[in-house]
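*Asks:* Turn this into a model:
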Amino acid sequence: MKTKLLYLMLISSMILWAPSCKKNDVQLPSGGSSITIVNALVGSSSLVANFNYNVQLKYYATAQQISYASAFEFGYYSGNLPLALSDLTDTTHDVFKQIVPLPKNTIGSLYITGTLAAPESFQSTDHPPYHAPADSTVGIRFVNLSPGSSPVSVNIQGAANGSEVTTLAYKNITAFKNYAATYNISSYTFEFRDVATGTLLTTYTLSGVNNGDNGDQNQNNVRWKNITIALSGLPGSQGTFQINNY
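*Replies:* Next comes the predicted model:
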């Protein structure tokens with residue numbers, strides 16, 4: 001099983017801007033970090049990243065694309081990352097352009113949300129839990145990336161409203177919580193509801209919790225892993241998607 005230490009050793013050897021640009025003048029500090037860029041920008045197609053906005057990105061066709069309602073993880077050296085993101089349909093306009101701080105030996109996520117006309121973003125430093133092989137657990141957290149939404153609650157289907165998350169406002173994220181992933185549990189269905197009215201907005205079914213594999217890790221999708229379940233889209237047309245952490 002991968003440990004956080006092994007993961008950080010591996011990502012320290014990666015250079016994230018390689019698929020995006022052949023020239024880069026960033027001076028690299030030492031130490032490894034990672035950043036997962038999440039595209040929940042309503043109206044976007046795919047986002048492409050320029051990891052040094054002081055140098056014009058030229059190779060959009062070969063750049064890593066982050067489609068709507070998906071995420072991609074990049075390894076990087078720690079420090080301040082001059083990051084710009086643009087939608088593939090209009091690469092002359094940045095939907096995000098900021099210095100992103102990446103402290104040494106940290107794991108983080110950058111969430112791009114809002115709409116193409118009014119992009120928004122926020123960043124988190126992530127602390128995914130370790131899962132001992134004997135525990136048979138999966139770490140799950142929830143994030144509200146639905147612009148304009150009222151606070152939502154989360155419950156497991158059949159349980160009381162808010163049994164998992166009492167209230168989750170826009171651009172807020174919960175901590176990871178361990179859920180059982182034993183042989184007799186094949187899936188979880190989570191319901192997102194409006195806190196004020198209790199109205200069901202959307203659901204997400206996490207399958208592959210054990211796959212009936214009797215503990216065979218190689219044939220399991222999420223056991224001993226950590227994931228984020230995101231609420232996205234505008235009110236009235238909200239959906240959910242999964243972000244794989246580790």
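*Asks:* and the next element down the chain from the top strand by length along the chain?
*Replies:* The residue-count maximum for a strand in the chain (DSSP state E) belongs to strand 90-102. Counting by DSSP states H and E, the next helix or strand C-terminal to strand 90-102 is strand 107-114.
*Asks:* now that next one against strand 90-102, angle please.
*Replies:* 140 degrees (axes from the mean of the first three to the mean of the last three CA atoms, to 10 degrees).
*Asks:* CA atoms only: put strand 107-114 into CSV for me.
*Replies:* Written as CSV, here are the backbone C-alpha positions of strand 107-114 (Å, rounded to 0.1, in the frame of the first residue of the first chain):
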residue,chain,number,x,y,z
ILE,A,107,-0.8,17.9,-0.5
GLY,A,108,-3.3,20.5,-1.8
SER,A,109,-6.2,21.1,-4.0
LEU,A,110,-7.2,24.1,-6.1
TYR,A,111,-10.9,24.4,-6.9
ILE,A,112,-12.0,26.5,-9.9
THR,A,113,-15.7,27.2,-9.7
GLY,A,114,-18.2,30.0,-10.4
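*Asks:* Quick check: mean pLDDT of it?
*Replies:* The predicted model gives strand 107-114 an average pLDDT of 97.
*Asks:* before we move on, what about stretch 160-168?
*Replies:* On average, stretch 160-168 scores 98.
*Asks:* mind listing what's buried in it?
*Replies:* Within stretch 160-168, the residues scored as buried using 16 or more other CB atoms under 10 Å are 161, 162, 164, 165, 168. From N, CA and C alone the C-beta is placed, and that goes for glycine too.
*Asks:* Next, count neighbours for residue 59.
*Replies:* 12 (other CB atoms under 10 Å).
*Asks:* isn't residue 63 right up against residue 51?
*Replies:* No - Residue 63 lies out of contact with residue 51 (CB atoms under 8 Å); the separation is 10.0 Å.
*Asks:* between those two, who's got more neighbours?
*Replies:* A direct count of neighbours by other CB under 10 Å for residue 63 and residue 51 places residue 51 higher, at 25 against 22.
*Asks:* Quickly note the distance from the more buried one to residue 67.
*Replies:* Taking CB to CB, to the nearest Å as the measure, residue 51 falls 19 Å from residue 67.
*Asks:* same question, residue 61
*Replies:* Distance from residue 61 to residue 67, by CB to CB: 15 Å.
*Asks:* Kindly report the same for residue 120.
*Replies:* Computed as CB to CB, the residue 120 to residue 67 distance reads 19 Å.
*Asks:* Give me the more crowded residue out of the two.
*Replies:* residue 120 (17 against 13).
*Asks:* Run through the bridge partners of that one.
*Replies:* Residue 120 has the following beta-bridge partners by DSSP bridges: residue 113.
*Asks:* Would you mind measuring from it to residue 199?
*Replies:* 24 Å.
*Asks:* Over to residue 47?
*Replies:* Distance from residue 47 to residue 199, by CB to CB: 31 Å.
*Asks:* of the two, who's got more company?
*Replies:* Between residue 47 and residue 199, residue 47 has the larger neighbour count (other CB under 10 Å), namely 24 against 12.
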